[in-house]
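A.B. asks: let me see the structure of the following:
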Amino acid sequence: MIAKTNTGSDFEGALTYGAGLRKGRGKEPDEAPLLVVSNVIPGSPKEMAQEMQATAALSKKIQKPVWHTVLSWKAGEDVSQEQKVAAAQRYCELIGAPIDRHQVVVYEHRDKKHAHVHIYLNRVPIDGGPALRTDNNFYRQPAITKQISQELGMQPIPERRQSVADLDPTKQAAREVVREAVKQLVGQPDNAGPQWLQAQLEQRGIATRYKHDNGGILRGVSFELDGVAVTGQQVGYKAAQLRELFPTGQQQLPTLPVPPRPEIDEAPSTRKQKPKGPRL
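C.D. replies: Numbers count the residues shown, from 1 in each chain. Okay, the predicted model is just below:
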């Protein structure tokens, strides 16, 4: 079993796709069975999306409340509907969004040769508590799917082939140090934004490089420790994830004042003037 996750802001579009009611790639829509509904009145994608959006509005900070995960099994593996439901519910619990506190909608798709389900979570819980975090998903999910496979007696999908860079102990050590440092700092109550994080990491010997677009919005991040460079994605903190963790209004690069142009004393010109002749 493997899990692939992305986040977004459009509940209706996500659930419409999950229900198999949206056309794509020239194919007719194929309605998908609804397996799990939690803390939402079962209905059309639009009706359920409206409920989930109302709950998401409890948080003013979370801009992408839609959590969409696809759980997939090996081609040819026989997976019962009960196992699919159990796997989806267990995934929600292990990722930090138990179905008793979060709105969850799960659809089963049958358009591939392998069994797979689409899980739609509202990151904002119904009790208005802290939202489901998105950091470190890349590293957390393989362990979660492996645990679910073992608990339900399923076949784990082999992990992707590792590159030479993945096996480099120096680079791996740098990743771990940077990951833990960033995790600790962004979780502090006095987190004041990207410039604050950069200064705090510098005190720990970690250089931080940001990439902003023309509007000053953070679009990329990388780190360097003892001459070893790692990207934000490699340590589980991409620019989009950091933007969500930074306080509102602290995501843009500060605008620096434009210094006044210095006054220059112009010396008399020494260029010889061409004598003017009489006009003809």
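A.B. asks: from now on I want contacts and neighbour counts done on CA atoms only, so please keep to that.
C.D. replies: OK.
A.B. asks: give me the contacts around the helix or strand where A54 lies.
C.D. replies: Secondary structure from DSSP states H and E places A54 in helix 45-56. For helix 45-56, the surrounding residues in contact (CA atoms under 8 Å, 6 or more residues apart in numbering) are 11-12, 15-16, 19, 40-42, 62, 65, 103, 122-126, 128.
A.B. asks: what ranges does this structure have for its helices?
C.D. replies: 11-18, 45-56, 81-95, 137-152, 164-167, 169-186, 194-203, 239-245 (DSSP state H).
A.B. asks: CA atoms only: put the first one into PDB for me.
C.D. replies: These are the backbone C-alpha positions of helix 11-18, laid out as PDB (Å, rounded to 0.1, in the frame of the first residue of the first chain):
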ATOM      1  CA  PHE A  11     -14.000  21.100  -1.300                       C
ATOM      2  CA  GLU A  12     -16.600  21.000  -4.000                       C
ATOM      3  CA  GLY A  13     -14.200  20.400  -6.800                       C
ATOM      4  CA  ALA A  14     -12.400  17.700  -4.700                       C
ATOM      5  CA  LEU A  15     -15.500  15.900  -3.800                       C
ATOM      6  CA  THR A  16     -17.000  16.100  -7.300                       C
ATOM      7  CA  TYR A  17     -13.900  14.400  -8.600                       C
ATOM      8  CA  GLY A  18     -14.000  11.900  -5.700                       C
END
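A.B. asks: shaky segments in the protein?
C.D. replies: 23-30, 138, 155-169, 247-280 (pLDDT under 70).
A.B. asks: domain map for it?
C.D. replies: Following automatic domain parsing, one finds the domains of the chain at 2-152, 164-245.
A.B. asks: reformat those as a markdown table; add mean neighbour count.
C.D. replies: Supplementary listing: the domains of the chain in a markdown table, determined by neighbours: other CA atoms under 10 Å:
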| stretch | mean neighbour count |
| --- | --- |
| domain 2-152 | 18 |
| domain 164-245 | 16 |
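A.B. asks: in strands, which of the contacts of helix 45-56 appear?
C.D. replies: Per DSSP state E, strands hold the following members of those: N122.
A.B. asks: mind putting the helices of the chain into a markdown table with distance to N214?
C.D. replies: Below are the helices of the chain laid out as a markdown table (distance: least, CA to CA, whole Å):
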| stretch | distance to N214 |
| --- | --- |
| helix 11-18 | 29 |
| helix 45-56 | 30 |
| helix 81-95 | 35 |
| helix 137-152 | 29 |
| helix 164-167 | 33 |
| helix 169-186 | 25 |
| helix 194-203 | 17 |
| helix 239-245 | 15 |
